[in-house]
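S.K.: coordinates for the following, if possible.
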Amino acid sequence: MSRREALEKQLGHRFNNAALLEQALTHRSAGAGDNERLEFLGDGVLGCAVAEELYARFPRLAEGRLTRMRARLVREEALAEVAGQLHLQQHLKIGQKHPLTPSVLADAVEALFGAVFLDAGYAAAREAMLHTFGPLLASLDPSDVEKDAKTRLQELMHARGRKLPEYRVVATHGAPHQRSFEVECALPELGLAAVGAGTSLQRAEQQAAKNVLEKLPR
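M.R.: Residues are numbered from 1 along each chain as shown. Sure thing, here's the model as predicted:
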């Protein structure tokens, strides 16, 4: 069995168009034909497939908990875990000087689902999601789904009758293919602010909100 066939078996999908798989596994630092567009597409496809499965699996669960469960499954840490199960580090084409970070692995997982979608449609992408995310889905506990930091901070400020948090980008670092962000979360009424960093604006905002929460008086 070739390396490609082994990956397809772990993914649960055999590609009709091998070029899509090749593109999904090519990081921008490796040159032309990279996976960024597939990553964009796969992000939406994966989010939809996960949402559909959670909706069917937990028919009595409210929208808020379903949203938090979906976020837990498609966050960088979970996607990097799936990448490990697929042994993507053995398949990725990446520039010699570029670090193989969890973010790079997570992006490649999203690109794979974009590639499956283009290769065989949504049903095939959903089946691949069920095949690869099976252990994560099985381990979900609806009673133990913590709200993300931004949501917790916003709800706390609302409950206290305070103005909602304000976010602003204070810095960006790195080349386009390895960009990181610094975001400030501020509570002007309380004179509190904190900065968070991440490989996306969303991750930086979440870290900043978490840092502000740690500063808030109980």
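S.K.: what comes up buried for the helix or strand where Leu7 lies?
M.R.: Per DSSP states H and E: Leu7 is located in helix 3-11. Buried residues in helix 3-11, counting neighbours by 16 or more other CB atoms under 10 Å, are found at 7-8, 10-11. C-beta coordinates here come from the backbone N, C-alpha and C atoms, glycine included.
S.K.: give me the distance between the residue most central in space within the chain and Gly31.
M.R.: Most central in the chain under CA atoms, centre = their mean is Arg75, positioned 3.5 Å from the mean C-alpha point. For Arg75, the distance to Gly31 equals 29 Å [CB to CB, to the nearest Å].
S.K.: same thing with Ala125?
M.R.: 26 Å.
S.K.: Val169 too?
M.R.: For Val169, the distance to Gly31 - CB to CB - is 29 Å.
S.K.: ok, now Glu76?
M.R.: Separation of Glu76 from Gly31 (CB to CB): 24 Å.
S.K.: looking at the two, which is more packed in?
M.R.: Glu76 (19 against 10; other CB atoms under 10 Å).
S.K.: can you read off the pLDDT for the more buried one?
M.R.: Listed pLDDT for Glu76 reads 84.
S.K.: from what I can see it touches Pro102, true?
M.R.: Yes - judged on CB atoms under 8 Å, Glu76 makes contact with Pro102 at a distance of 5.8 Å.
S.K.: can I get the buried residues of helix 3-11 in CSV including pLDDT?
M.R.: CSV is the format used below for those (pLDDT from 0 to 100):
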residue, pLDDT
Leu7, 93
Glu8, 94
Gln10, 93
Leu11, 94
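S.K.: what helix or strand is Val195 located in?
M.R.: Assigned by DSSP H and E, Val195 belongs to strand 192-198.
S.K.: what lies in contact with that strand?
M.R.: 170, 180-187, 203-212, 214-216 (CB atoms under 8 Å, 6 or more residues apart in numbering).
S.K.: right, I'll leave it there.
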